[in-house]
Each structure stands twice: as C-alpha cells, then as structure tokens.
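[1] Sequence plus predicted model, see below.
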Amino acid sequence: MPSEEKGPHGGEVRATVLRFTRRQRIEHHIMALLFIVLVVTGLPQKFFDASWAGPAVRLLGGLDLMRWLHRMAGFAFAGFTGYFLAYVTAGILRGGTPLSIVPFLSDLREVYHALLWAAGLGERPAAGRFDYREKLEFWGMLLGSGVMIVTGLILYFPIVATRWLPGEVVPAAKTAHSYEAMLALMVIVFWHLYNAMLRPGVFPLDTTIVHGRMALERLKEEHPLEYARLFPGEAGEREEK
Amino acid sequence: MLIPAKLLRRGRDGRRGGTAAGLVAGAILLAASGAQAQGMSNEMCLNCHKLPLQMKLKDGSSVSLLIPAAGFARSAHGRALLCTACHTDIKKVPHEKMEFADRRDLSLHYSRSCTSCHGGKFKEFQEGIHWRLLSQGDRRAPHCADCHGAHTVTRGGMAKGFTPQACSKCHARVFGQYEGSVHGQGLIQVGNKDVPGCSTCHPSHTGGDPRKVEFRIDIPKLCADCHQNKALMDKYGLSSQVVSTYLEDFHGTSISLYREQRNLPARLTAVCTDCHGVHEILRVKDPDSQVVRGNLIQTCRKCHPDASLNFPATWLSHYTPSATRYPFVYFIRLFYFIFVPAIVACMVFHVGLDFIFEARSRLRRPRKG
C-alpha cells in the first residue's frame, strides 16, 4: 500500500499511503459542488428580506430558475446519497468494506483525551483510520442529509405529502429544512473548512482529498492505530529503538 | 389640452391659441395678470353669476349659471385665482354667448384649464386608463373636476362628498361587490373613514391596471398600509402580523423575491386578494368568507386543484406557531433554536482550542524538511 511520491520538483521523495480512492475523491467533489449550489440557491430563499437577496436572485436568473436549480441539485444530492448508501451496504454485505468509520464508545474517550491534549494536559490519544472529528462529521453529514432530503421532498411535493400526512407537516418540514441547512452550513464552515483548510499544518489545503494520499509521517502522528495496523512490524521496530 | 379636439363638438376658434399657451406651468400668472390688465375681477363676474341664471344647451337641457360664491371663496382656489384663470375664454364683460352640446360637453371643455397649473398631475393622469378612454372619445371617463369638483375644489384630495358611489356610475358590478364587503359596509353604512375606498387601492391618477402583474405584486404592500398598522388594527381587534406571517410563508417569500427580479414572471404566487377576495372581501369569520375553514379547501383548489382535505392545514393561517397553536412546528423550531447554537458553540470551542494548540506546538517545533 505505501508508495513513493515525487516532490513538486522531482527531488524530494516521500512515502505515502492511499487514503481516499479515486471513486471516493470524485464522490467528494461532486457532493461539494452540489452542496455549494444548494447553499447559493437556498440562502436567498431563507433570507428573502436581506439586502443581498435581490442581487443574488438577479444573478441566478430569477426566482423560478433559482428554485429549479435548487431542486435539481437537491435531487442529484439525494441520488448520490442513495447511491452511496447502496454501494456501502453492498460492500459491507460482501465483506470487503471496512467499518472504520463506525463510532465506538472509545471515540468518546478519544474526544476527552484530545481536549486534554489540546489544553496541554496528557498525551495525544491514538486514533484509528478515522479520528473522532472525521467520524462526527461523516455521521452528522449523513443524518443531516437524511433530514434535508425528506423535508425537501415534502416541500417540493406538498400536495402528495398531505395525501397521507397532516398538513402541519409541510410548515414543520420548512422549519426543519431551513434550520438544518443552517446547521450544515455552520458545520462545513466551522468544522470542515477549518480541519481541511485552515488548520495549522494543513493550511492552505489538506491535499489528501486532491490526490488521495497521506504522508506516512502524518499518518503515524494523526492515525497511529491505522499505521500500526498497516505496518505491524515497523511499529514494533520503532518501539525497540 | 386635456380634452382631445374630437370631444369638443363645436370649435371656438380664436380661443385655442390662448389655451395652448396656458399649458405651460406658471402661465396662469400671465393669464391672471392679463385679465387684470383688462380690468377683470371676480366681482365683475359675480355681478351676473350670483343670479339664478340658466343656460340652454343644445340637447335641450339647461344648466344653472349661479356660482356658489361662498363655496368658491372657501375652496383651494378661492383666495388666489381669478375666474378667468380657468375660464380663459372670457376676455370681457359681458362676454360672448357660449354654446355647448350638453352638460358633459361643458365640463369636458373646462377640465383642460387644470393642466396649466397641475401639469405634473396631468402627466400622471395621462398614464392611466381613464385618460386613454377620454382620448379615445369616451366621454364617460372621469376628468379632473369629476372627482375634485369645480368651483368648490378642496386642497389635496377629492371633493367633499365624493364617494365610491361616483365610481359606481361606470363600475356598477364592482361597486355592488364592494358595497357588501367588510370595507364597503364600513364606509357606506357607518361612514367609517378607516376603511379603504376605491382610490385607496387604485391610484387615483394613474389608476394602474389591476389585471397586470405589476399591480398584483404590490397588493401585499397595499394591504400592509393598513393591516400592518398596529394602532389601527388594535382598534378593530385585528392582528397586525398578517403581512409578516404571509411574507414568511412560501407564497409571501416568492412575492418578495419575484419583486427583486429583472422581469416579473407571467404568473405570481397567491397574494392577499387571491385567498381573501378583492372587492367582495369579507370578515375572515364570516361563514361566506373564502378563507373560513370550511371554504378554505375550495380557495386552495383555485391554484392547487389536486389538494386533499389535509392541504389547507399546511398554511398556518397567519399565526406564529406557539406551544398551543401549531405545536409541531413550534417545537421543531425550538429544538433548532437550542441545537444549532449549541453545536456551533461546541465547534467554535473545539476549533479555538485546536488552533491555539496546533499553532503553539508548530511554533515551538518548526516543520521538518
């Protein structure tokens, strides 16, 4: 799994490990693009009386076109989420997909120790392939997407929805859709963009998502359990030194 | 000239030039001083016109020539204007015999006098449907004096005693609807001046075409003029939140954003009048109201023909959700009101801690390589 990666000028050679496959990277980029389209076409609808709502609507070719874009991006987002779930489920059933993103009680301990470590007390907790921040973000994203997709469909098809559900479900869905979207945006801005772009050490961009590879050095520091799993012998050697 | 030439049945040649000059704003002063130069004063006119004189018109009817001198003196023009300021075709006393086809011909003839001072208003008026009808030769369409009165014209507004009944001469069907509405009953039966009359909603001079989308998109604003006025609404025990709650809903949000577009769409989402009705608007609790619970489904189906009986409840009836009213919506909102700031606070705390630690440790131990 580890391979040699050439430095930008062909000089430096660093050992890396594949963290995201090509398929996973493309999935990320498509979802990121859809997320941006949804935010840009959604925010003027939520903040309709803000001073920037008018220019935004004009820029996006009018309300009807903006809503159409929002709905089409929403369908694509729902489609990709469904595809992702089906793919992962099939992978798990076949046994090939690792469950490294599934949270355990140990993750709570990891949060506690990570905070202590950040405050300068104690050792850095040892994380596996995905640390608690990544797990939290993944599951938050998945649950949030579920809420957004269900409420979005109710809002797009209120006539169909109220054939079986009480009418109050529609304004409730609107409330949830609106606030859940704000939450998602906040998480992306305060959590994801910080961890993937602004954090000292990865600034200006964590390039793992670009070429899918992470330097072994960094893997050992940030995901020591995964490192130990990949290179059981070497970890032992190091310890002997 | 306010009234197109073809409306004037008889030519009064030799006078036209004077009228054309009068078109220029301020020319009235010239006219007035000209009249004075000829020694014309209002008293000279009233010498005859205080008498109950009658003028025979060509259609056989007659018109009184008695001028209500006291009424004129109290009018907006009473102190400042000479009779000849408007009656520019009178140059000397006694004047020549005037000839008119009928009463309407006479009033149309003199209505052009207003334009010499009120050019701005006339310009507005020219944008409206009534001017278009007048210029097409429809003598029934109203001109200045029909609403403002002639000798007793009042300052800023319509003639005393001018009522929606005046509009009903032509707009009988609409007036019939208005008469039975909650607004019309207030004005006509009780004389309540808080309720809207015709010109409250229909701009009096331009009279924008209510069938046009440009007019319809402003309807929520129009209703807001009164229904967002808390003092006024409290007087009648009505909510002043109806506009804000409308705007927060899908229909209202759409209208707000459509207004921001470059071009308005051909079809708008529902505005106030689509649910409540227009001229026939009733109290919301009236059993015949289009928005009373029992009738609401029919109203929704005007635009949403497939709507089920559950559908009207998707609309929160201008209420803000509370623990007792629409609790489902209320508690979802409450949940997010707590949940979102809590999550954001945790994230900011974590990010802050992380940033300080990472930055410090990196400063202490510079990056390798």
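    Great, that's in hand.

[2] Just the mean pLDDT for the helix or strand harbouring A:W139, thanks.
    Using DSSP states H and E, A:W139 maps to helix A:132-156. Mean per-residue pLDDT for helix A:132-156: 94.

[3] longest helix anywhere in chain B?
    For chain B, the longest helix by residue count, based on DSSP state H, is helix B:327-364.

[4] one step back: so what angle separates the directions of the helix holding A:W139 and helix B:327-364?
    Interaxial angle, helix A:132-156 versus helix B:327-364 (axes from the mean of the first three to the mean of the last three C-alpha atoms, to 10 degrees): 150 degrees.

[5] Other residues contacting helix A:132-156?
    Residues outside helix A:132-156 that contact it (C-beta atoms under 8 Å, 6 or more residues apart in numbering or on different chains): A:71, A:74, A:77-78, A:81, A:101-103, A:107, A:110-111, A:114, A:130, A:161, A:165, A:169-170, A:173-174, A:176-177, A:180-181, A:183-184, A:187, A:191-192, A:195. The C-beta positions use only the backbone N, C-alpha and C, and glycine is treated the same way.

[6] Just the buried residues out of these, in PyMOL syntax.
    Listed next is the PyMOL selection for buried residues among these, using 16 or more other C-beta atoms under 10 Å in any protein chain shown:
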select buried, chain A and resi 71+74+77+78+81+107+110+111+114+130+161+165+169+170+173+174+176+177+180+181+183+184+187+191+192+195
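
[7] Out of the contacts of helix A:132-156, which sit inside helices?
    A:71, A:74, A:77-78, A:81, A:107, A:110-111, A:114, A:161, A:169-170, A:173-174, A:176-177, A:180-181, A:183-184.

[8] check the residues you listed against chain B, which are close?
    A:V169, A:V170, A:K174, A:A176, A:E180, A:L183 (C-beta under 8 Å from any C-beta of the partner chain).

[9] Please report the confidence value the model assigns to residue 163.
    I'll assume chain A. 95.

[10] Actually, chain B is the one I wanted.
    So B:T163 comes in at 73 (pLDDT).

[11] Provide a list of residues in contact with it.
    B:L187, B:I188, B:G197.

[12] try 10 Å
    Counting by C-beta atoms under 10 Å, 6 or more residues apart in numbering or on different chains, B:T163 makes contact with B:L187, B:I188, B:G191, B:G197, B:C198.

[13] Filter those down to the ones in helices?
    Using DSSP H, these in helices are B:C198.

[14] ranking the contacts of B:T163 by neighbours, who comes first?
    Within the contacts of B:T163, most neighbours by other C-beta atoms under 10 Å in any protein chain shown means B:C198, with 23 neighbours.

[15] For B:Q241, give its distance to B:K230.
    For B:Q241, the distance to B:K230 equals 9 Å [C-beta to C-beta, to the nearest Å].

[16] more crowded one of these two?
    Neighbours were counted for B:Q241 and for B:K230 using other C-beta under 10 Å; B:Q241 has more, 16 against 12.

[17] My understanding was that the more buried one contacts B:D234; is that so?
    No - at 11.9 Å, B:Q241 does not count as touching B:D234 under the criterion of C-beta atoms under 10 Å.
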